[in-house]
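1. sequence? don't have it. structure:
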């Protein structure tokens, strides 16, 4: 387990990380989110021992970053946002160099495993500078996992990739997540939601949310919004809201001469959709569409990280 305890990082008079506390469980895939300048990368650099905390501590098992930084570095693989590759080196030579620095025994067999895992067969004899952004990210991942770390930290692993490359890297991350503890920082919220077990959001150096994507969304919005399309006119749908009660009509408009769309809102704990369906059916109207509008992770993120945002 990784434990962040009362963690603070100051850059002169600027406080980048402000007394944060949370745990990361063994085998968990954690999404670490926040706007630019929120303290994400600074926190990740303290976990990797690249930076020292101003106050507080980080424990990785029985070790901590202040007293046992070398031991912790051995347990962590890190892919920073700016992928630090040696552009003039051949991919194989670069990975061999990393293996030697890490003092990996029998590195030839380990290199073969990593080349297979990261799909580098077609580029292993090319120089890094000739590779596409997607393959450079694969090489960055390869160096991060070469020493088979227990913990893998990925800072913006799909930044700048095209949709196909994003899918490829995402699948590789899922595969790695089956056997390692992963911490992923990303601005692509769909990606975080797709691969992460839990999400922590940081804003202005403080933790503002912690939970699964479903927990964050359900805890944020206490209302359910439902869109209805039926061949009833506007007045008929307004009457439905009155007759069913405890519903709020937030929007109604004519789609065509006969088709009307209405949006209603009600308490999430009491699902009114069966009543809406039965009302429309019993009153002789034809229902074309009835669907729930769920709050998105993006909505939660924006409301927690912009000025004035609140639940």
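-> Here it is on my side, so go on. Bear in mind the structure is a predicted one, so any value in this text is a computation, not a measurement.
2. Neighbours of the residue lying closest to residue 288 once chain neighbours are set aside, how many?
-> Excluding its sequence neighbours, the residue lying closest to residue 288 (Cβ to Cβ, 6 or more residues apart in numbering) is residue 229, at 4.4 Å. Just so you know, the C-beta spots here come from the backbone N, C-alpha and C atoms, and that holds for glycine as well. Neighbour count for residue 229, taken as other Cβ atoms under 10 Å: 16.
3. what do you get for residue 59?
-> Around residue 59 there are 17 other residues, counting by other Cβ under 10 Å.
4. who touches it in this structure?
-> 1-3, 5 (Cβ atoms under 8 Å, 6 or more residues apart in numbering).
5. Phi and psi next, for the residue nearest to residue 288.
-> In this entry, residue 229 is assigned phi and psi values of phi -120, psi 120 (degrees, to the nearest 10).
6. That one and residue 283, how far apart?
-> To residue 283, residue 229 is 15 Å away according to Cβ to Cβ, to the nearest Å.
7. How about residue 170?
-> The span separating residue 170 from residue 283 equals 47 Å under the rule Cβ to Cβ.
8. ok, the two, which is more surrounded?
-> residue 170 (18 against 13).
9. and residue 30, what helix or strand is that in?
-> In the assignment (DSSP states H and E), residue 30 maps to strand 29-33.
10. Could you tell me which other helices and strands that strand packs against?
-> In terms of contacts (3 or more Cβ pairs under 8 Å, 6 or more residues apart in numbering; DSSP states H and E), strand 29-33 is packed against helix 40-47, strand 181-185, helix 189-195, strand 198-203.
11. Strand partners (parallel or antiparallel) of that strand?
-> Counting by DSSP bridges, the strands paired with strand 29-33 are strand 181-185 (parallel), strand 198-203 (parallel).
12. Measure how the longest one sits relative to helix 40-47, angle-wise.
-> It refers to strand 198-203. 120 degrees (axes from the mean of the first three to the mean of the last three Cα atoms, to 10 degrees).
13. which residues touch strand 198-203?
-> For strand 198-203, contacts defined as Cβ under 8 Å, 6+ apart pick out 17, 20, 22, 28-35, 38-40, 43, 192-193, 207-213, 216, 297, 300-301, 304-305.
14. can you pull the contacts of the nearest residue to residue 298 once chain neighbours are set aside?
-> Counting by Cβ to Cβ, 6+ apart, residue 189 is the residue found nearest to residue 298 once chain neighbours are left out, at 5.3 Å. Contact analysis of residue 189 by Cβ under 8 Å, 6+ apart lists 33, 296-298, 301.
15. again, 10 Å this time
-> 31, 33, 199, 213, 296-302 (Cβ atoms under 10 Å, 6 or more residues apart in numbering).
16. cool, residue 86 as well?
-> Residue 86 neighbours (Cβ under 10 Å, 6+ apart): 93-94, 97-98, 127-129.
17. what about this protein, any weak spots by pLDDT?
-> 221, 307-311 (pLDDT under 70).
18. care to break it down by domain?
-> 2-218, 223-294 (automatic domain parsing).
19. Please identify the deepest-packed of the ones you listed.
-> Of these, the one with the most neighbours on average (mean count of other Cβ atoms under 10 Å) is domain 2-218, at a mean of 17.
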